[in-house]
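Asks: Sharing a model prediction with you, sequence too.
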Amino acid sequence: MTKELEIEFKNMLTQQEYSRLLEDFAEFHNGPITQHNHYFDTADFQLKKQLSALRIRHKNERFECTLKTPAPVGHYEITDQLTKEQAQRMLALTSFDATEVAEALQTLDVSPAQLNLIGTLTTHRVEFDFLDGLLVIDHSEYNGHEDFELEFEVSDEEIGRHQFSNFLKEQEIPERPAHKKIARFMNSALNSTKDE
């Protein structure tokens, strides 16, 4: 189990900006790596109401379960590593093998037995060390939608904010507020059920 404080800045991109960044920074990366985020919540969205999120991430044949909860700056992440079999049981809702995450859920008054699998968001991700942080360029697909996003993960909020703002100016990318992926995913899921 790990518990980390994550501070990140986000900005939505156009497809053209996404393609240009991949090309301009090609020497820093080997192309996108695909990962699948499987999101969970209760039937009445107790986690969402508490500004928290629960996912199982599948990347490079590795599986991990992460609970994100609000922090004074950024958010906390509690993560348990899983075997493929544990992840499959959790996705099938037959057991919950992420022990540290389960304990943290209890503090939110959410029982693993209450959880439903909401759906999956697939991200094609490029990431590399840049300035004092980690620059992430994402193409995400979910519920018949796709979007493009830039993230900058940092350890110092003030320095990171300044660096990210300067980077956007240098790249001539307008500031476009970006909700978290889970929020965009949930909104699309709720909208698609309304359309049915």
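Replies: The structure has been received and is ready for your questions. Numbers count the residues shown, from 1 in each chain.

Asks: going forward, measure contacts and count neighbours with C-alpha atoms only.
Replies: Noted.

Asks: Does L93 belong to a helix, a strand or coil?
Replies: Reducing the assignment to helix, strand or coil with DSSP: H, G, I helix; E, B strand; the rest coil, the entry for L93 is coil.

Asks: What residues does it make contact with?
Replies: Counting by Cα atoms under 8 Å, 6 or more residues apart in numbering, L93 makes contact with L115, N116, L117.

Asks: from these, which would you call buried?
Replies: Buried subset of the contacts of L93 (neighbour count, 16 or more other Cα atoms under 10 Å): L115, N116, L117.

Asks: Moving C-terminal from the helix or strand hosting the last one, which element do we reach first?
Replies: I take that to be L117. Remark: L117 resides in strand 115-130, with elements defined by DSSP states H and E. Proceeding C-terminally, strand 115-130 gives way to strand 133-142 as the next helix or strand, assigned by DSSP H and E.

Asks: From the contact counts, what lies against that following strand?
Replies: helix 15-24, strand 115-130, strand 145-154 (3 or more Cα pairs under 8 Å, 6 or more residues apart in numbering; DSSP states H and E).

Asks: CA atoms of it as CSV?
Replies: Taking only C-alpha atoms (Å, rounded to 0.1, in the frame of the first residue of the first chain), the coordinates of strand 133-142 have been written out as CSV:
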residue,chain,number,x,y,z
GLY,A,133,7.6,17.5,-12.5
LEU,A,134,6.0,14.9,-14.7
LEU,A,135,4.4,16.0,-18.0
VAL,A,136,1.5,13.8,-19.1
ILE,A,137,-0.2,13.9,-22.6
ASP,A,138,-3.4,11.9,-22.7
HIS,A,139,-5.9,10.7,-25.3
SER,A,140,-8.9,9.2,-23.5
GLU,A,141,-11.8,7.1,-24.9
TYR,A,142,-15.0,6.4,-22.9
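
Asks: contacts for that strand?
Replies: Counting by Cα under 8 Å, 6+ apart, residues outside strand 133-142 touching it are 18, 21-22, 120-129, 146-155, 160, 185.

Asks: For PyMOL, what selects the buried ones among these?
Replies: Only the buried members of those end up in this PyMOL selection, burial being decided by 16+ other Cα under 10 Å:
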select buried, resi 18+22+120+121+122+123+124+125+126+127+147+148+149+150+151+152+153+154+160+185
